[in-house]
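Asker: give me a model of this one.
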Amino acid sequence: MQRKVLIGHSYGSLFAAYTLLTKPSLFESYILGSPSFWFDRHVIFKIEEQYAKNHQDLKARVMMFAGSYETTGSGERYYKDTDLTGDVLKFEKQLKARKYPGLEIGAKILADEDHFTVFSNLLGRGLLWALPGFGPYTSG
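Answerer: Modelled structure (predicted):
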């Protein structure tokens, strides 16, 4: 139980971010995949601002992922008016600017992935990040 990880995708990822900002000690690591930060007019950013007013630290490891097609653009795989990749990078920047000493945070935009294809890729990468093994490893 020393390596508890919360993984979410889409609305599940929004829930994970909410948990991070309301009960951060429940989990050691948070993997946020394609978070629906747009929900309720980006209320998660306001929740983070409130957290920052009342706390000097955020002890957690956070890795966020989004697909390269999860932004606006032309083509069927792009969104018409939602920018998940931009929101992920904005959330990362906002948290880094707080300079919380106990926070480890990163974000990755995964090439050639959209909202429906990104989960399996982020799941594997996220778990390797959150729960590294002890090697040495061979490719078999």
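
Asker: what about the helices in this structure?
Answerer: 11-22, 39-54, 84-98, 118-130 (DSSP state H).

Asker: now for the second one, which elements pack on it?
Answerer: For helix 39-54, the contact count by 3 or more C-beta pairs under 8 Å, 6 or more residues apart in numbering; DSSP states H and E identifies helix 11-22, helix 84-98 as packing neighbours. Yep, even glycine has a C-beta here, placed from its N, CA and C like the rest.

Asker: and Lys108, which of the helices of the chain is closest to it?
Answerer: Among these, helix 118-130 comes nearest to Lys108, with 7.2 Å by C-beta to C-beta.

Asker: what angle separates the closest one from helix 11-22?
Answerer: 30 degrees (axes from the mean of the first three to the mean of the last three C-alpha atoms, to 10 degrees).

Asker: so which elements touch helix 118-130?
Answerer: Partner elements for helix 118-130 (3+ C-beta pairs under 8 Å, 6+ apart): strand 5-9, strand 29-33, strand 60-67, strand 103-110.

Asker: picking that back up, format the helices and strands packed on helix 39-54 as TSV; extra columns: mean neighbour count, distance to Trp38 and mean pLDDT.
Answerer: Shown next, in TSV, are the helices and strands packed on helix 39-54 (neighbours: other C-beta atoms under 10 Å; distance: least, C-beta to C-beta, whole Å; pLDDT from 0 to 100):
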stretch	mean neighbour count	distance to Trp38	mean pLDDT
helix 11-22	19	9	98
helix 84-98	18	6	98
